[in-house]
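Undergrad: Structure for this input, please:
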Amino acid sequence: MTANIKVAERKCYINGRFVDGRKQFPKINPVDGTVVAQVHEADRAMVDEAVRAAKAALKGPWGKLALQARVDLLRKVAEGIEKRFDDFLAAEVADTGKPVSLASHLDIPRGAANFRVFSDIVRTYGTESYWLDTPDGKGAVNYAMRKPLGVVGVIAPWNLPLLLLTWKLAPALACGNTIVAKPSEETPSTATLLAEVMHEAGVPAGVYNVVHGFGPDSAGEFITTHPEVNGITFTGETTTGAAIMKAVAPTVKPISFELGGKNPGIVFADCDFDAAVAGMSHAIFSNTGQVCLAPERVYVERPIFDRFVAALKAKAEALVLGFPQDKATNMGPLISRQHREKVLSYYELARKEGAKVVTGGGVPRFGDSRDNGAWIQPTLWTGLPESSRTVREEIFGPCAHIAPFDKEEEAVEMANNTPYGLASTVWTRDLSRGHRVGQAMEVGISWVNCWFLRDLRTPFGGAKLSGIGREGGLHSLNFYSEPTNICIKL
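TA: Numbering: from 1, shown residues only. Here you go, the predicted structure:
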């Protein structure tokens, strides 16, 4: 059963201290519908105070800190997360309802690892230098130096709260920026705990600020429209990204967006069948399908289509929808009942569009407290045309449509026939085909015979409606710092 978690208080963190918000709102546990936290919402004045504190820290102790000292602090933050591993785990699970087995092996370890990875990268980050011949023969030297972008507004999503927040914080802080962060209203807790770790590590006041709230007429809007915020990084829905672009346009702020996707998976008949079934099952249903990289469109070569659908159905029906602390649990609830209504609307739409429901399609019943939560059945469909809304629109739930194909060119064409371009996964034993099809995908990341496998130094982001810019390794540092060319005439 659900752990008996005391209702926490999640205050805003501004200029090195926790402060009350203008009002509070409840954070609901999606497992059983209980209140797990009261969250303090920031008003415009509080966001302004956070921005001013961040700006002052840029000119003060943080801006004057040597690179090595800054890197040492970031490594202390990583150590602080690990020392309080159980606290972060409990907070993440209470907010999201995801299984302990997932959060303990992915979310919390990656939260700490992000600080270590970028502290290592920034120490070896080089810049350009050029010799320029001049008419007098004496020449000139040009070299670039990198400066922090400034005050960065970080707006993080709810699906991987600590992982994706620190994925932005770590490189931004490594480059010497200061932060005003808004975690999702659905997942406020680990961002708040991180403030405690930052303080304990000795990060100066004003460097990391947390303002809780929502989007319009709340903390999200107040950050994006603030004239002294120098850049915005956001992960979330494409429609929200478009709204942020409009908000920052008057001040021409640089933006980094990782947005939605309607990702394809392509399974060829020559694949390692068992590996492909296991890999696609993991990709579709991991984190209850609430992963921007998850494939919601699966294309299977016709000779193995029926067998593959049956095997994937068996995988879906074997998932254990249980309490997060149970070791057997491998799928949790959706983030909220509101999000469940959205996903269920697509389950109904699929039926109206003529889909054959292979498995799932509704809400499970447990006969215990889980019936008050946001649970949903893992769902698979076949039989829909490529033009259907179910096949073209992002659902963000544990579901996928499976369609057959006959030729490689047909699979590539269907996979790319989408306004999104975030990720793809291809399964084949033919190495040449793996390279060929992987390269043909119009996406930011293309996996072959795997999924969610990444070196954190590689570029990560989306094409088309799936984002602007790239994160990871030097690509993150290029966004969070600006080059100035110095030209010295000799």
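Undergrad: rest of the way, CA atoms for contacts and neighbours
TA: Will do.
Undergrad: Can you pull the poorly scored residue ranges out of the stretch 51-200 of the chain?
TA: Residues of the stretch 51-200 of the chain meeting the criterion pLDDT under 70: none.
Undergrad: quick one: contacts for A423?
TA: By CA atoms under 8 Å, 6 or more residues apart in numbering, the residues touching A423 are G261, N263, P264, L293, A294, V443, G444, I445, S446, W447, G462.
Undergrad: CSV for the residues you listed, including pLDDT?
TA: As requested, those are exported to CSV (pLDDT from 0 to 100):
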residue, pLDDT
G261, 97
N263, 98
P264, 98
L293, 97
A294, 98
V443, 98
G444, 97
I445, 97
S446, 98
W447, 98
G462, 96
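Undergrad: in stretch 334-345, what counts as buried?
TA: Neighbour counts over stretch 334-345 (16 or more other CA atoms under 10 Å) mark L334, I335, S336, R337, R340, V343, L344 as buried.
Undergrad: mind checking pLDDT for the first one?
TA: Per-residue pLDDT puts L334 at 98.
Undergrad: Identify the residues contacting it.
TA: Applying CA under 8 Å, 6+ apart, the residues near L334 are P30, T96, G97, T288, Q290, R340, A374, W375, I376, G397.
Undergrad: Go again with 6 Å.
TA: Going by CA atoms under 6 Å, 6 or more residues apart in numbering, L334 touches A374, W375.
Undergrad: Reduced to three states, what does it come out as?
TA: Under the three-state scheme (DSSP: H, G, I helix; E, B strand; the rest coil), L334 adopts coil.
Undergrad: From A156, how far off is it?
TA: Using CA to CA, to the nearest Å, L334 is found at 17 Å from A156.
Undergrad: Quick check: buried residues in the helix or strand hosting V51?
TA: Element membership of V51 [criterion: DSSP states H and E] is helix 44-59. Buried residues in helix 44-59, counting neighbours by 16+ other CA under 10 Å, are found at 44, 46-48, 50-58.
Undergrad: now swap in stretch 134-151 and tell me
TA: For stretch 134-151, burial by neighbour count (16+ other CA under 10 Å) applies to A144, R146, P148, L149, G150, V151.
Undergrad: export the residues you listed to JSON lines and tack on distance to V412 and secondary structure?
TA: Output for the buried residues of stretch 134-151, formatted as JSON lines (distance: CA to CA, whole Å; DSSP: H, G, I helix; E, B strand; the rest coil):
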{"residue": "A144", "distance to V412": "42", "secondary structure": "strand"}
{"residue": "R146", "distance to V412": "41", "secondary structure": "strand"}
{"residue": "P148", "distance to V412": "41", "secondary structure": "strand"}
{"residue": "L149", "distance to V412": "39", "secondary structure": "coil"}
{"residue": "G150", "distance to V412": "42", "secondary structure": "coil"}
{"residue": "V151", "distance to V412": "42", "secondary structure": "strand"}
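Undergrad: how about those residues in CSV, adding distance to F323?
TA: Converted to CSV, the buried residues of stretch 134-151 look like this (distance: CA to CA, whole Å):
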residue, distance to F323
A144, 54
R146, 48
P148, 44
L149, 43
G150, 43
V151, 40
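Undergrad: Assign T425 to helix, strand or coil.
TA: Counting by three-state DSSP, the backbone at T425 sits in strand.
Undergrad: now do S387
TA: Under three-state DSSP, S387 comes out as coil.
Undergrad: Now do the strands in the stretch 1-150 of the chain.
TA: Per DSSP state E, counting those that start in this stretch, the stretch 1-150 of the chain carries strands over the ranges 8-10, 12-14, 17-19, 23-28, 35-41, 129-132, 140-148.
Undergrad: quick one: which of these is nearest L65?
TA: When those are compared by CA to CA, strand 140-148 sits nearest L65, at 12.5 Å.
Undergrad: The closest residue to R457 other than its chain neighbours: neighbouring residues, count only.
TA: Closest residue in space to R457, ignoring its immediate chain neighbours: G473 at 3.7 Å, by CA to CA, 6 or more residues apart in numbering. Using other CA atoms under 10 Å, the number of residues around G473 comes to 21.
Undergrad: for G473, phi and psi?
TA: The phi/psi pair for G473 (degrees, to the nearest 10) reads phi 50, psi -140.
Undergrad: try A316
TA: phi -60, psi -40.
Undergrad: What's the first helix or strand after whichever strand or helix holds L477?
TA: Using DSSP H and E, L477 falls within helix 473-480. Remark: after helix 473-480, the chain's next helix or strand is strand 481-489, criterion DSSP H and E.
Undergrad: so what's T235 up against?
TA: By CA under 6 Å, 6+ apart, T235 lies in contact with A156, P157, F257, E258, L259.
Undergrad: And the residues you listed, which is closest to F18?
TA: When the contacts of T235 are compared for distance to F18 (CA to CA), A156 wins out at 19.7 Å.
Undergrad: wait, that closest one sits on P183?
TA: Yes. Counting by CA atoms under 6 Å, P183 is a contact partner of A156 at 4.9 Å.
Undergrad: who touches stretch 481-488?
TA: Stretch 481-488 is contacted from outside by A140, V141, N142, Y143, A144, M145, R146, K147, P148, L149, using CA under 6 Å, 6+ apart.
Undergrad: mind redoing it with 8 Å?
TA: A140, V141, N142, Y143, A144, M145, R146, K147, P148, L149, C175.
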